[in-house]
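# Sequence unavailable; structure follows:
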Ligand SMILES: CCCCCCCCCCCCCCCC(=O)SCCNC(=O)CCNC(=O)[C@H](O)C(C)(C)COP(=O)(O)OP(=O)(O)OC[C@H]1O[C@@H](n2cnc3c(N)ncnc32)[C@H](O)[C@@H]1OP(=O)(O)O
């Protein structure tokens, strides 16, 4: 571990942000306050606010109702120095499905609007696309700290030591230099650094958190763009996710991401998340704003 202000176990960041303070609750709505851990940048990571919203929503449903989908818009940037005020409207509880709407506000303005649905039911038709073959095992790939942890730069240090997930790139990462090959796919393994003993709904919230890190890389890779390119402006605009099957957040998960389209300063990423045994556990779609000076 480098000499940084970051926690010895970065997964503590996830444990901390998912602990919300309940402010109020009745049968129609519930309110919570969430926090952002120390970071150098002023904008809140979108995955964090999504995860906090999903945990808040899950507090209002019965324990046998499992998150199966969420859809959200990132409306304004979050302010990392201020608390996040989270309001959950309990839209409907049916016999099988419960629908919730969540708004997160700061400075009296909405920064995130999220709708999600929980279900208690099983059976029915079953199929899924197979996991791609030939992806290197994560134990043979370096952690991000081995790639950028030695760089004396706050962004590199945060990347190496201030993320709750161990993320390993199946292709060459594009942090500092463009990947050797322009490819339409971005593939990473991910898991928490240390075991987390959480309910399926909190695990789903954690997966939503992790899914926001790399999905737009599928867009950037197509154009040989690096994260360290100056003057670029990249932000998640919306995010949708479907949860298909149970999984453990502390076991390796393969996130296979592709970009079917980019245009008008927006790029679309679509991702599938598999267990290491090849079960498809979630599907992700995100559109991002991607402003690059060389394309103006
Ligand atoms: C070794 C080191 C490696 C380091 C390696 C690090 C790797 C590190 C990987 C991280 C990977 C994580 C990936 C996280 C991805 C999220 O989580 S991002 C966080 C979640 N998303 C958000 O916070 C987005 C929230 N939404 C928004 O902020 C607004 O909707 C948007 C996206 C800015 C768009 O709104 P807008 O209508 O353009 O907004 P507006 O206020 O009019 O303008 C905002 C700015 O855009 C400019 N603008 C507006 N329109 C235009 C235009 N047509 N053309 C140009 N500029 C325009 C405005 O002038 C303004 O600029 P400023 O005055 O702020 O300079």
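Happy to help now that I have it. Nothing here was measured: the structure is a model prediction, and the numbers come from that model.

# Around the closest residue to residue 118 other than its chain neighbours, count how many other residues there are.
With sequence-adjacent residues excluded and distances taken as C-beta to C-beta, 6 or more residues apart in numbering, residue 118 is closest to residue 65, at 3.8 Å. From N, CA and C alone the C-beta is placed, and that goes for glycine too. If you count neighbours by other C-beta atoms under 10 Å, residue 65 ends up with 19.

# residues touching residue 239, list them.
With contacts defined as C-beta atoms under 8 Å, 6 or more residues apart in numbering, the neighbours of residue 239 are 46, 50, 70, 71, 72, 74, 208, 211, 212, 284, 285, 286.

# So the fourth one is in contact with residue 284, correct?
No. No contact is recorded between residue 71 and residue 284 when judged using C-beta atoms under 8 Å, the distance being 11.4 Å.

# can you pull the contacts of the closest residue to residue 178 other than its chain neighbours?
If the residues on either side of it in the chain are set aside, residue 178 comes closest to residue 224, at 4.0 Å by C-beta to C-beta, 6+ apart. When contacts are counted by C-beta under 8 Å, 6+ apart, residue 224 is found next to 178, 179, 182.

# The last one: neighbour count?
Right, the one you point to is residue 182. Around residue 182 there are 13 other residues, counting by other C-beta under 10 Å.

# That one - that's part of a helix, no?
No. Secondary structure of residue 182 (DSSP: H, G, I helix; E, B strand; the rest coil): coil, not part of a helix.

# Check what pLDDT the closest residue to it other than its chain neighbours gets.
Distances taken as C-beta to C-beta, 6+ apart place residue 224 nearest to residue 182, at 5.3 Å, with adjacent residues excluded. Per-residue confidence for residue 224 comes out at a pLDDT of 89.

# What is the three-state secondary structure of residue 224?
The three-state assignment at residue 224 reads coil, by three-state DSSP.

# and the residue of the protein nearest the ligand?
Among residues of the chain, the one nearest the ligand by C-beta to the nearest ligand atom turns out to be residue 46. It sits 2.9 Å away.

# check contacts around that residue.
Residue 46 sits in contact with 74, 78, 112, 212, 235, 236, 239, where contact means C-beta under 8 Å, 6+ apart.

# what do you get for residue 284?
By C-beta under 8 Å, 6+ apart, the contact list for residue 284 reads 211, 215, 239, 240, 241, 255, 257, 269, 270, 271, 272, 273.

# Pipe these into JSON lines and attach distance to the ligand per row.
Conversion of these to JSON lines gives the following (distance: C-beta to the nearest ligand atom, whole Å):
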{"residue": "211", "distance to the ligand": "10"}
{"residue": "215", "distance to the ligand": "8"}
{"residue": "239", "distance to the ligand": "9"}
{"residue": "240", "distance to the ligand": "14"}
{"residue": "241", "distance to the ligand": "14"}
{"residue": "255", "distance to the ligand": "13"}
{"residue": "257", "distance to the ligand": "12"}
{"residue": "269", "distance to the ligand": "11"}
{"residue": "270", "distance to the ligand": "16"}
{"residue": "271", "distance to the ligand": "13"}
{"residue": "272", "distance to the ligand": "19"}
{"residue": "273", "distance to the ligand": "17"}
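
# pLDDT for those residues - can I get that in JSON lines?
As requested, the contacts of residue 284 are arranged in JSON lines below (pLDDT from 0 to 100):
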{"residue": "211", "pLDDT": "98"}
{"residue": "215", "pLDDT": "97"}
{"residue": "239", "pLDDT": "98"}
{"residue": "240", "pLDDT": "98"}
{"residue": "241", "pLDDT": "98"}
{"residue": "255", "pLDDT": "98"}
{"residue": "257", "pLDDT": "97"}
{"residue": "269", "pLDDT": "98"}
{"residue": "270", "pLDDT": "98"}
{"residue": "271", "pLDDT": "98"}
{"residue": "272", "pLDDT": "98"}
{"residue": "273", "pLDDT": "98"}
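
# sorry, back to before: pull up the overlap in contacts between residue 71 and residue 284.
Both residue 71 and residue 284 are contacted by 239, 240, under the criterion C-beta under 8 Å, 6+ apart.

# Mark which of the contacts of residue 239 are buried, thanks.
Buried members of those, counted by 16 or more other C-beta atoms under 10 Å: 46, 50, 70, 72, 74, 208, 211, 212, 284, 285, 286.

# As TSV, those with distance to residue 6 and secondary structure would be great.
Formatted as TSV, the buried ones among the contacts of residue 239 follow (distance: C-beta to C-beta, whole Å; DSSP: H, G, I helix; E, B strand; the rest coil):
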residue	distance to residue 6	secondary structure
46	20	helix
50	22	helix
70	29	strand
72	28	strand
74	25	strand
208	22	helix
211	22	helix
212	19	helix
284	27	strand
285	31	strand
286	26	strand
